[in-house]
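K.L.:
Take this sequence and fold it.
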Amino acid sequence: MDSNNDGLVQAGEQMQFSTANSGTLSPYLRAGAAPYTADNIINFIRGDEIAGLRTRMLEVPIGSGTYKVWKLGDPIHSTPTIVAAPHTNYDLIYGDSSYTAFFQQYQNRREVVYVGANDGMLHAFNGGYYHKSDDVTTPAVVEHGWFTKNPTDNSSGRPLGDELWGFIPHQLLPQLQWLTRADYTHVYYVDLKPTVADVRIFTPDADHPNGWGTVLIGGFRMGGSCGNCASGTGAPPMIVNIGGTNRTFYSAYFVLDITNPEVDPKLLWSFSSAGLGLSIGIPSVMRVSPTADSKIDNTNAKWMVLFGSGPNGYAADLPAAPVQLATMYAVDLKVGPGAGNSQVTSMPLGSWPSFVGNIAVLDRNFDYRTDVAYFGRTINDGALPWRGKMYRLTTGGCTNAPCSTSTWGVANGGNRSATEMIDTFNDYTASSGTIVETGPITTAPSVTIDDANKVWVFFGTGRYLSNSDKTNTEQQYLFGIKDNVMNSGCTETNTTNCNTVNLVNTTNAV
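P.N.:
Purely as a prediction, here's the structure:
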């Protein structure tokens, strides 16, 4: 929790979610008279059946007459993510020998399954130790791989599938009480698929050889609340009085150090903002460094995380008031957002209620530096059907240290901004003078380089976020576009001068 409300993670602010800390947690939980006391809420969230609160007992199996406590909340959109041996291969791909020691230390580390759930937690489950061979203890069965509870066998160790730990972001503490209510229906909490990356941002120590480590970036998707959310369409700002001061809790992203699965994770930082909206987009991690440095020199390198603002309602329909405008955010993974988000770069993406989709990044020159990020935007302008745009954000331009976001994209009204790849287009089949609107873009594009060394960006339009989307009949498209900026065919001077308008319709191509 952020006990002093400064936006920083400090000593003593990561604590056990147990009744031993009820006094500290009570105001954050909005605890009150029985049965909604802090002790009862804590014990319920930890999986206990508590008299007077919503029952956790389920008949298992149905018709058996046997009732058991159901402890785990439902994971819906948070696809389980398995972390095992380091696999980014920076030593093989870029010749970064500093990564080799990190790989060697953790090549046989415990496998852990990370998944968010709508019980307020990110969960970590024991996957055990994987062996690439036949299990000699089962001679009647031929396996191509098997798991054990400890590095060698099943004689001891945590059971496979056992929960190792659960992490509750402090931004969700005030909403946990809803889970205990008898009239609870369903609320989203930690519902975003985790993003995992190996990064060199740590001080070298026993757990972080050469400064390498593994981080997990989590989010809430449609969980939490937001500054522009309104009652009836999304969770309005959660305002709680703590110690005489009103505190506002928003949807967030958080970063955990999960390098060593034998120790508890460490919260590195979290980011929330009134303008973030719901944290629906999956972040991307990228590395930038001065071109004057050797590509494997980490002295002035920065590992950044990119994510965009989300919608201001569960249906992502972006009502006209209050307006939620799309923004891209960039944060240095090592530094974090800083006090009052002072270290965060915000890059607005224009007018109209809108939100940002998932992101793809590309190292164009294979030099260990990310050159460009691609992402879509979903727009509701109040007049047209759902529409969208595809953007590029160039991230190079740093010759000498220190690198900063001041060289990214183009200058735009005192900020830096991504530039449009496509907005409206002519597909050569419409009647003369007819321009087609690009549909909403919510998923990450795919990026490739062809045999002629040309960068192609592939993506589709459409959305599947609310019940109304199930019956939507608007025309959607699949696109393949050569990026004329990355292919040296256009120099960015403003946000629209390098967009693509004329396309070839290949619907009936054979």
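K.L.:
what's the spacing between the nearest residue to residue 59 once chain neighbours are set aside and residue 44?
P.N.:
Computed as CB to CB, 6 or more residues apart in numbering, the closest residue to residue 59 that is not its neighbour in sequence is residue 67, at 5.5 Å. C-betas here are computed from N, CA, C, even on glycine. Separation of residue 67 from residue 44 (CB to CB, to the nearest Å): 17 Å.
K.L.:
report the longest strand in the chain, please.
P.N.:
strand 345-362 (DSSP state E).
K.L.:
Can you name every helix or strand that the following helix or strand past that strand contacts?
P.N.:
Once the chain leaves strand 345-362, the next helix or strand it forms, by DSSP states H and E, is strand 372-379. Contacts defined by 3 or more CB pairs under 8 Å, 6 or more residues apart in numbering; DSSP states H and E place strand 372-379 against strand 302-308, strand 325-332, strand 345-362, strand 387-394, strand 455-460.
K.L.:
Buried ones in strand 372-379, by neighbour count?
P.N.:
Residues 372-379 are the ones in strand 372-379 that count as buried (16 or more other CB atoms under 10 Å).
K.L.:
for these, which one is nearest residue 398?
P.N.:
Of all the buried residues of strand 372-379, residue 398 sits closest to residue 372, with 13.6 Å by CB to CB.
K.L.:
Just list the residues touching residue 204, thanks.
P.N.:
Applying CB atoms under 8 Å, 6 or more residues apart in numbering, one finds that residue 204 lies in contact with 210-211.
K.L.:
Nearest to residue 466, out of the helices and strands packed on strand 372-379?
P.N.:
Checking those against residue 466 by CB to CB gives strand 345-362 as the closest, at 13.0 Å.
K.L.:
Direction included, what does that closest one pair up with?
P.N.:
strand 325-332 (antiparallel), strand 372-379 (antiparallel) (DSSP bridges).
K.L.:
Next up, the contacts around the nearest residue to residue 87 once chain neighbours are set aside.
P.N.:
Counting by CB to CB, 6+ apart, residue 198 is the residue found nearest to residue 87 once chain neighbours are left out, at 8.0 Å. Residue 198 makes contact with 86-88, 90, 99, 102, 212-214, according to CB under 8 Å, 6+ apart.
K.L.:
thinking again about what came up before, redo the helices and strands packed on strand 372-379 as a markdown table? Include mean pLDDT.
P.N.:
Output for these, formatted as a markdown table (pLDDT from 0 to 100):
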| stretch | mean pLDDT |
| --- | --- |
| strand 302-308 | 97 |
| strand 325-332 | 95 |
| strand 345-362 | 92 |
| strand 387-394 | 95 |
| strand 455-460 | 97 |
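K.L.:
As CSV, the ones you listed with distance to residue 286 would be great.
P.N.:
As requested, those are arranged in CSV below (distance: least, CB to CB, whole Å):
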stretch, distance to residue 286
strand 302-308, 5
strand 325-332, 9
strand 345-362, 5
strand 387-394, 10
strand 455-460, 16
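K.L.:
looking at these, which is closest to residue 95?
P.N.:
Using CB to CB, the helices and strands packed on strand 372-379 put strand 302-308 closest to residue 95, at 18.1 Å.
K.L.:
Could you tell me the angle between the closest one and strand 372-379?
P.N.:
20 degrees (axes from the mean of the first three to the mean of the last three CA atoms, to 10 degrees).
K.L.:
re the thing from before, partners of the residue nearest to residue 87 in the sheet?
P.N.:
Beta-bridge partners recorded for residue 198 (DSSP bridges): residue 214.
K.L.:
if you skip the residues just before and after it, what's nearest to the spatially most central residue of the chain?
P.N.:
Taking CA atoms, centre = their mean as the criterion, residue 282 is the residue nearest the geometric centre of the chain, at 3.6 Å. Using CB to CB, 6+ apart and skipping the chain neighbours, the partner closest in space to residue 282 is residue 358 (4.7 Å).
K.L.:
Spit out the contact partners of that neighbour.
P.N.:
281-282, 284, 375, 442-444.
K.L.:
Count the neighbours of residue 459 for me.
P.N.:
Other residues near residue 459 come to 26 when the count uses other CB atoms under 10 Å.
K.L.:
Grab the nearest non-local neighbour of it.
P.N.:
The nearest residue in space to residue 459 (CB to CB, 6+ apart) is residue 445, at 3.8 Å.
K.L.:
how much space between that neighbour and residue 483?
P.N.:
10 Å.
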